[in-house]
Structure formats: structure tokens, C-alpha cells
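Q: got a sequence here, can you build the structure:
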Amino acid sequence: MRTTVLVIGGGATGVGVARDLALRGVDVTLVERGALAAGTTGRSHGVLHSGARYADADPDDAAACLAENRILRDVASACIRETGGYFLELDDDDPAYFEAKRAACADLGMAIETLDGDTLRDRVPEASPVVERALAVPDAVISPSRLVVANAVAAREAGATINTSAPVESIHVVDGRVRRVEVGGALDASVAADVVVNATGPWAERCAALADVSVPMRPTRGVMVAVENPGVDVVLNRCRPPADGDIVVPHPDEAVLGTTSVVVDDPDDFERSGTEVTRTVRECAAMAPAVADAPTTRTYWGVRPLYAPDEDDRNGRAISRDFALLDHADDGAAGFVTVVGGKLTTYRKMAEATADLVCERLGVSATSETAERPLPGSDDPTHLDELVAEFGVDAPAG
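A: Coordinates of the predicted model:
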């Protein structure tokens, strides 16, 4: 079979690329080895970041988050719950860090509000009695399963072909250009393509190796512990440098506590440490004590798709997670493109940048429409949930 662009990977970025290209009139096929959202996307904590988390460490990345936060509220309303969020300064946290965070958010033009501990507890009774101050920010909660399916449906409606249970087995590069990809599983076909997009997240290094190019990754695991929600209805962030157990995310019946960051060698096969689970619950309970005694409903692990050269520049665990877009023409694989890194909040921007590069290589002049065009389901969330079931989405994050 033949397609103009083959996208490998059915997470938010992959389906976002497929949708963006299809809306520009490009013939595009997507293949995913398992179910949609089965990787990093479906195993996040489900926060639509305001950018406050990154404001003091990386204002450019924070500005991108804030812009995408606003766009997604317009175009993906059925995927978002307007919870709001707070950054909490506890009695043993550094007040200077809080002040730096507040100033950085203000510099971005973010809508913020500073509350003393008593006012915060009036609004959020579950908050700890040792909270000294809180910074209100426009965080929200997003449903990864709805988001991915809405993009997949939109891509399909625009002419794209979406294939799940279709693992890539080999990539053939001839005379310095990608020529075809062998896909097994339900598709079981040799796919000829002008451009191949590697949007496989933490598996990007393995996928790139099939084309004999190097994409050094440093995937890290993080645990999410879902407990019966004791009443938390806003996103709670610890206002301190990045550390384990610094976020509590409200979902309809659960509160998701996260997370940790440990480098893994294999994104498919890694240790799941009980110590990390215990530490995450303990640290999150410092913000909302009731979560410590709430029954655990499930525990799941995500693997972040971190690009190793960027991580080297950040010198270890860092609070900012930007993305990298790699054109492998100079590596002897023209027509092969990799997008890695980033976060769920900026998936649309990542997809647009990738589609821009692909269209430049193809000589397509059409521009992106995804910042203005609403995703399917905005007027009928129930139908969107039916489509989630139809696609068999694998997303414990909701």
C-alpha cells in the first residue's frame, strides 16, 4: 500500500500530527502497535498545565503551556474539566521560591491570585493546616482518552487512516531516503511513504534504529497512585523545586497522586518500586492529609519520552520538558522525522511544528487549522465516550 505520510505512534502527538496533516489535504496513515493512548499519553496524571510549574525555570516553555492551555479550552472543551489549581507553600518550604514563582507567573500575564493559608482552607478544606500561602493558577484536568480519540476521529473524518494493533517491524532506507515500512499485526502490509514520522515517545530510539539513525533517549518512569477522592476538587501543586510527590490531581471519583522520576533502560520492562509508591503518597499527604488514609484504587506507571541531549543540558531532573523535532536527512535517512519530549498540554503545538516541517519537505503550502478548529465531541461528550469505547483506548489516566 502507499501513503504520502506514515505516522508511527498513536499517542496525543501522533494523532495530532495525523489530524493536522489530513486537514491540510495530505494523504496520511497512522499505525500504532497497540491501542491508542497506550503509552505515555494514557499514563499521565491528566493535568492541563497553566505553565506555572515551569514559569521560573523556563519562561518560554511556560508561555507555550499557557498559550496551549487557552487554545485547548476553546477547541477541546469536552476533554477538559475546569478545576483550577493552586501552588502551596508549606511551613517548611522556602518563601523565596514562592515569590519567584509568583513573579514569573505575573510576568507571563497569567491570571493569578495569592491567598493566605486560612483563605485557601476555606476554599479547599482538604488542604493541610501547615499551608502558609497559596498561588491560584489556571490549571485544569484533561481526559487523555477523550483527547486522543477526538483527534483520531477528526483525522479520520479529514481522510486519514488510523490503524491500531499494527506494530512496525522494519523501516527500509534506500540511497539515503526512507522508502517503505513493514507493518505487522492487523494491517500486515508493506507501506510505501514519502515521509515517515516517528512519534513513538519513549520508544523513539528503538524506532529510529530501524532506520539506522540515532535518537538517544533517556526515558524516566513515574508512578501515579489513584486513591478514593476525599473531596479534593482542584489541582494541588507543592511550591518547591521539582521533587517526588508534588502534585494531587482530582478526577470524578479519584485523586491521582504523583509522581517520581527514575531513569529506565527499557520503557516496556522496568522495576515498579513499592518505595516510590509509599513516598509519593506520603509527600502528597503533606499537602492534603486525607489522601494518606484514602483507599488506593489503582496504581499505574508512565514513562516520559525525554531526549537525552536536552536532559544533559538540564543537568538531571528538571522542571521544564520542552520537545525536540529532528529531521534525519543529514543522518542519511531523508524523509524520516522524529518528534520527542514535550508534555500532554503542548501536544497540539508539537503536532503543528511537525506537520509544518513535513509540509515544507513535501512542498505543501497549506497552514495549520488546529488552533481554531474545534475537536469533535464539544457538543456531545457522551458520544465522544462512546467513541473511546469503540477505539478500545488504553488510558488509565482517564
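Q: the helices in the protein, which residues?
A: 12-23, 59-75, 95-107, 117-123, 144-157, 204-210, 274-285, 308-314, 347-362, 381-391 (DSSP state H).
Q: closest to the centroid, which residue in this protein?
A: The chain has Leu344 as the residue nearest its centroid, 2.2 Å off, counting by CA atoms, centre = their mean.
Q: ok so, going back, highest mean neighbour count out of the helices of the chain?
A: With neighbours taken as mean count of other CB atoms under 10 Å, the helices of the chain reach their highest mean count in helix 12-23, at a mean of 30. (Glycine included, C-beta is placed from N, CA and C.)
Q: may I have it as PDB, with CA atoms only?
A: This file holds the C-alpha atoms of helix 12-23, laid out as PDB (Å, rounded to 0.1, in the frame of the first residue of the first chain):
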ATOM      1  CA  ALA A  12      -1.600  12.500  21.600                       C
ATOM      2  CA  THR A  13       1.300  13.800  19.400                       C
ATOM      3  CA  GLY A  14       0.900  11.100  16.800                       C
ATOM      4  CA  VAL A  15      -2.800  11.500  16.300                       C
ATOM      5  CA  GLY A  16      -2.300  15.300  16.500                       C
ATOM      6  CA  VAL A  17       0.200  15.100  13.600                       C
ATOM      7  CA  ALA A  18      -2.200  12.900  11.600                       C
ATOM      8  CA  ARG A  19      -5.100  15.300  12.100                       C
ATOM      9  CA  ASP A  20      -3.000  18.400  11.300                       C
ATOM     10  CA  LEU A  21      -1.700  16.900   8.100                       C
ATOM     11  CA  ALA A  22      -5.100  15.500   7.000                       C
ATOM     12  CA  LEU A  23      -6.700  18.900   7.500                       C
END
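Q: show me what it is packed against.
A: strand 2-8, strand 28-31, helix 144-157, helix 347-362 (3 or more CB pairs under 8 Å, 6 or more residues apart in numbering; DSSP states H and E).
Q: pretty sure Ala12 is touching Ala38, no?
A: No. Assessed by CB atoms under 8 Å, Ala12 is found out of contact with Ala38, at 11.8 Å.
Q: quick one on the thing from earlier: now the residue lying closest to the residue nearest to the centre of the chain once chain neighbours are set aside: how far from Asp60?
A: Counting by CB to CB, 6 or more residues apart in numbering, Leu344 lies nearest to Ser44, which is 5.3 Å off, once chain neighbours are set aside. When distances are taken as CB to CB, to the nearest Å, Ser44 and Asp60 turn out to be 22 Å apart.
Q: mind checking the backbone torsions on the residue nearest to Leu344?
A: Per-residue torsions, Ser44: phi -90, psi -180 (degrees, to the nearest 10).
Q: wait, what's in contact with it?
A: Shown in contact with Ser44 (CB atoms under 8 Å, 6 or more residues apart in numbering): 144, 224, 302, 344, 397.
Q: please tell me how far it sits from Ile247.
A: 11 Å.
Q: tell me the pLDDT of Asp394.
A: For Asp394, the model assigns a pLDDT of 85.
Q: my guess is it meets Ala35, correct?
A: Yes. With contact defined as CB under 8 Å, Asp394 counts as touching Ala35 (3.9 Å).
Q: make TSV out of the helices and strands packed on helix 12-23 and add distance to Ser378.
A: Formatted as TSV, the helices and strands packed on helix 12-23 follow (distance: least, CB to CB, whole Å):
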stretch	distance to Ser378
strand 2-8	24
strand 28-31	22
helix 144-157	8
helix 347-362	15
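Q: now mean pLDDT and distance to His172 too, for the ones you listed, in TSV please.
A: Shown next, in TSV, are these (pLDDT from 0 to 100; distance: least, CB to CB, whole Å):
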stretch	mean pLDDT	distance to His172
strand 2-8	98	12
strand 28-31	98	15
helix 144-157	97	25
helix 347-362	98	18
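Q: of those, which is nearest Asp116?
A: Nearest to Asp116 among those is helix 144-157 (34.7 Å), distances taken as CB to CB.
Q: elements contacting that closest one?
A: So helix 144-157, by 3+ CB pairs under 8 Å, 6+ apart, packs with helix 12-23, strand 28-31, strand 161-163, helix 381-391.
Q: just the CA atoms of that helix, as CSV, please.
A: This file holds the C-alpha atoms of helix 144-157, laid out as CSV (Å, rounded to 0.1, in the frame of the first residue of the first chain):
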residue,chain,number,x,y,z
PRO,A,144,-6.2,11.8,27.7
SER,A,145,-8.6,9.2,26.3
ARG,A,146,-11.2,11.8,25.0
LEU,A,147,-8.4,14.0,23.6
VAL,A,148,-6.7,11.2,21.7
VAL,A,149,-10.0,9.8,20.3
ALA,A,150,-11.3,13.3,19.3
ASN,A,151,-8.1,13.8,17.3
ALA,A,152,-8.2,10.4,15.8
VAL,A,153,-11.9,10.9,14.7
ALA,A,154,-11.1,14.3,13.3
ALA,A,155,-8.1,12.9,11.4
ARG,A,156,-10.3,10.1,10.0
GLU,A,157,-13.0,12.5,9.0
